[in-house]
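*Asks:* Output the structure for:
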Amino acid sequence: MKKTTYILFFLVTILSFGQQKYPQNDFRNPLDIPIILAGTFGELRTNHFHSGIDIKTQAVEGKKVYTAKDGYVSRIKVSHWGYGKALYITHANGYTTVYGHLKKFSPKIEAYVKKQQYKKESFEIQLFPSKSELPILTDEVIAFSGNTGGSSAPHLHFEIRDTKTEKIINPLLFGYKVTDNIPPIYRGLRATPFGKNSAINQIPVAQEIHVKKINNTLYVADEIKAIGKIGLAARTHDLLNYALNKNGVYSIEMHVNDSLVYYHNLETFAFNESKYINLFIDYPYYKQKFKKFQKTYIEPANKLSIYKQANNKGYINVNKDDVLRVEIIAKDVAGNKTILRIPIVGNKTIIPIVQENTTTPYFVSKNKYTVFKQGKSEIRFPKNTFYQDTYIDYEYNKDKITVHKPELPLDKSYTLTYFTDSLTTHQKEFVYFAQKSGRYYNYVTTYKKEDKIYTNTKYLGDFYLKYDSIPPKIYRSNFYNHQNISKHKELSIHIKDNETGIKNYYATVDNKWILMEYSPKKNKLTFNLNDLESTGKKHIFKLKIEDLLSNTKTFEANFTK
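*Replies:* Here you go, the predicted model:
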């Protein structure tokens, strides 16, 4: 009883300390509507942890975005992807707040950015204003919410970072009020044996274990018969009031016979740690089944700093006569928790199974630079490309190169090369690498040098040689040749490339560069006619676009404004 009381006190202390060590009243809500979340801090995303919170904007764009506290704009980034239009504001209390997927900036910031865009003749831009250039007052409107960049729906992405270290911190630890009385939900459990003398339910193979819901805060797994060294991984997510989004949990802890064995929380982490999400989850199983199971054990190469306790790295050693009471507890920031009880009994019986021989001629040592060649292809693996020594499959077959299965996470990029000396001049000009997704082939960044093409990638799988000599399209403009557009507020025109994608676009009016905003999601370019220096006369609009294989398309029209 004393041990249980101590553990409870320890965990409550960790949670409350995590909240109280950050200022609780320094930062205001960046919107003037209640905070309802579409995404939580540390949520499991593809190849990374989510670095902020996603605040719903009532499914619309254009909500006023306020500075969370007075400070100055220290960074501005405008990109077609990622955070889209983003602002970084540095505050005197040692933190920097970040606002992403914005529709537009406030007038003074917009004017500052536009001046630099015209100077550099580029819509995409990154700026680092000095402390005195763009000071921001408390409660000042700094932007309007949007859906720019890699966003899939209107919302505000909001972060808090330590200004000095640039580590990102869970914003919900700063006193923000988010209604949440719903405990996390379990979707499944996986058990994995490690070593030749280990087994789960008598076989030396990882397995999903059935989980039954007892009530909203308790789930029970089927009994596991095990022997040797094993690891557990839980599939869980959190729900918040007023939203249907499946969000990430704040912490997971594991107890074995009432002793705390494992605990991690998502209080803070560094950007360069985020790639280790592929060791944090059961990555091979995710690639096979599209299910993310969070491990309660730590792989040797995993350098995440989120772990607070991990006895024996979280692995459980099961002896033949053991009867173990295991509990995995998932919590959200509000303190709601759900328990998954897992009965484990020792059973020394191991039924050998015949496994496919995975040995191939292609062995990659983690600590050695490795090069393989086959046919017209070559692969080069730098040291520490893989997290451990491994055999890989490698096959060259004319227009297809297979580099293992996409089920191994990589720590570094490797180089895949195809030698083009046997191609015609036309083929050399338009050849590129692609990977297949469903029925579609996706362009893989391809470089050309003499008689070869190559790519640097962190993805395994099948690579195809494809050819693109088709120019991109320019279509559906909101004006026509010789039109009087005096009532128009903007010029808009759609562009698209069905093969590799748009690389560049360059637009002018009367041979002067103009700022056209590109929305890849809408395949649309827009120009604000307020930027037009002179009116009441005939103008010449010209547009040139280029795809990733340097195929080009041009458009020209006259208009009167």
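*Asks:* Mind listing the residues bridging to S377?
*Replies:* For S377, the beta-bridge partners are Q374, Y418 (DSSP bridges).
*Asks:* From D139, how far off is it?
*Replies:* 59 Å (CB to CB, to the nearest Å). Where you see a C-beta, it was placed from the backbone N, CA and C, and this is true even at glycine.
*Asks:* Neighbour count for the two, which is higher?
*Replies:* S377 (23 against 12; other CB atoms under 10 Å).
*Asks:* so the more buried one touches F433, yeah?
*Replies:* No. With contact defined as CB atoms under 8 Å, S377 does not reach F433; the gap is 10.6 Å.
*Asks:* Spit out the residues that contact these two alike.
*Replies:* Common contacts of S377 and F433 (CB atoms under 8 Å, 6 or more residues apart in numbering): L416, Y418.
*Asks:* Show me where the stretch 151-300 of the chain has its helices.
*Replies:* 277-280, 283-289 (DSSP state H, counting those that start in this stretch).
*Asks:* In CSV, list those along with distance to S437 and mean pLDDT.
*Replies:* Shown next, in CSV, are these (distance: least, CB to CB, whole Å; pLDDT from 0 to 100):
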stretch, distance to S437, mean pLDDT
helix 277-280, 19, 98
helix 283-289, 13, 96
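*Asks:* looking at those helices, which is buried most?
*Replies:* Among those, ranked by average contacts under mean count of other CB atoms under 10 Å, first place goes to helix 277-280 (a mean of 22).
*Asks:* which other helices and strands contact that helix?
*Replies:* When contacts are defined as 3 or more CB pairs under 8 Å, 6 or more residues apart in numbering; DSSP states H and E, helix 277-280 packs onto strand 294-295.
*Asks:* Sticking with E556, tell me its helix or strand.
*Replies:* strand 552-560 (DSSP states H and E).
*Asks:* Where does pLDDT dip in the protein?
*Replies:* 1-20, 355-358, 535 (pLDDT under 70).
*Asks:* Domains in it, by residue range?
*Replies:* 23-173, 185-346, 363-467, 473-560 (automatic domain parsing).
*Asks:* between those, which one is nearest to V354?
*Replies:* Nearest of those to V354, taken as CB to CB: domain 185-346 at 11.4 Å.
*Asks:* what about that closest one, how long is it end to end?
*Replies:* End-to-end distance of domain 185-346 (CA to CA, to the nearest Å): 28 Å.
*Asks:* Can you report how many residues neighbour Y22?
*Replies:* Neighbours of Y22 using other CB under 10 Å come to 20.
*Asks:* List the beta-bridge partners for A330.
*Replies:* With DSSP bridges as the rule, A330 is bridged to I252, T338.
*Asks:* Surely it and M254 touch.
*Replies:* No. A330 is beyond contact range of M254, at 10.4 Å (criterion: CB under 8 Å).
*Asks:* just to revisit the earlier point, dump the helices of the stretch 151-300 of the chain to JSON lines, plus distance to D468.
*Replies:* Formatted as JSON lines, the helices of the stretch 151-300 of the chain follow (distance: least, CB to CB, whole Å):
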{"stretch": "helix 277-280", "distance to D468": "31"}
{"stretch": "helix 283-289", "distance to D468": "28"}
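*Asks:* Quick check: K428 vs D399, distance?
*Replies:* From K428 to D399 the distance is 14 Å (CB to CB).
*Asks:* Same drill for these two, tell me which one is more crowded.
*Replies:* Set side by side, K428 and D399 show more neighbours around K428, with 17 against 12, by other CB under 10 Å.
*Asks:* Residues in contact with the helix or strand containing that one: which ones?
*Replies:* Under the criterion of DSSP H and E, K428 resides in helix 425-430. The contact list for helix 425-430, computed with CB under 8 Å, 6+ apart, reads T420, K448, D451, Y467, D468, S469, L549, N551.
*Asks:* Name the pair among those residues with the greatest separation in space.
*Replies:* It's D451 and N551 that sit farthest apart of those, by CB to CB, at 21.6 Å.
*Asks:* For the two, indicate the residue with more neighbours.
*Replies:* N551 (19 against 12).
*Asks:* need the longest strand for this structure.
*Replies:* Longest strand in the chain, counting residues (DSSP state E): strand 185-200.
*Asks:* quick one: contacts for N216?
*Replies:* With CB under 8 Å, 6+ apart, N216 has these contacts: P183, T338.
*Asks:* Same question for V444.
*Replies:* Y432, F433, A434, Q435, T455, T457, Y459, F463.
*Asks:* what about 6 Å?
*Replies:* Residues near V444 by CB atoms under 6 Å, 6 or more residues apart in numbering: F433, A434, Q435, T455.
*Asks:* and the residue lying closest to it once chain neighbours are set aside, how many neighbours?
*Replies:* Leaving out its chain neighbours, the residue that sits closest to V444 by CB to CB, 6 or more residues apart in numbering is F433, at 4.1 Å. F433 has 23 neighbours, counted by other CB under 10 Å.
*Asks:* beta partners of F433?
*Replies:* V444, L465.
*Asks:* Check F386 too.
*Replies:* Under the criterion used here (DSSP bridges), F386 is bridged to L410.
*Asks:* What is the burial count for it?
*Replies:* F386 has 22 nearby residues by other CB under 10 Å.
*Asks:* any idea how far F363 is from it?
*Replies:* From F386 to F363 the distance is 11 Å (CB to CB).
*Asks:* Now do the phi/psi pair for the nearest residue to A301 once chain neighbours are set aside.
*Replies:* Excluding the flanking residues, the one nearest A301 by CB to CB, 6+ apart is Y387, at 4.1 Å. With angles defined as degrees, to the nearest 10, Y387 sits at phi -80, psi -10.
*Asks:* my guess is Y387 contacts N302, does it?
*Replies:* No. Assessed by CB atoms under 6 Å, Y387 is found out of contact with N302, at 8.4 Å.
*Asks:* now the strands: where do they sit in the stretch 151-300 of the chain?
*Replies:* 155-162, 168-169, 185-200, 207-209, 211-215, 218-221, 224-237, 251-256, 259-265, 268-269, 294-295 (DSSP state E, counting those that start in this stretch).
*Asks:* before we move on, what about the stretch 451-561 of the chain?
*Replies:* Using DSSP E, counting those that start in this stretch, strands in the stretch 451-561 of the chain cover 452-457, 461-467, 473-475, 483-484, 490-496, 502-509, 512-513, 517-519, 524-528, 538-547, 552-560.
*Asks:* Quick one: closest of those to K120.
*Replies:* Short answer: strand 512-513, nearest of the strands of the stretch 451-561 of the chain by CB to CB, at 9.8 Å.
*Asks:* Ok, which of the strands of the stretch 451-561 of the chain comes nearest P30?
*Replies:* strand 517-519 (23.0 Å).
*Asks:* Direction included, what does that closest one pair against?
*Replies:* Sheet pairing for strand 517-519, using DSSP bridges, gives strand 524-528 (antiparallel).
*Asks:* tilt between the partner strand and strand 538-547?
*Replies:* Going by axes from the mean of the first three to the mean of the last three CA atoms, to 10 degrees, strand 524-528 is angled at 150 degrees with respect to strand 538-547.
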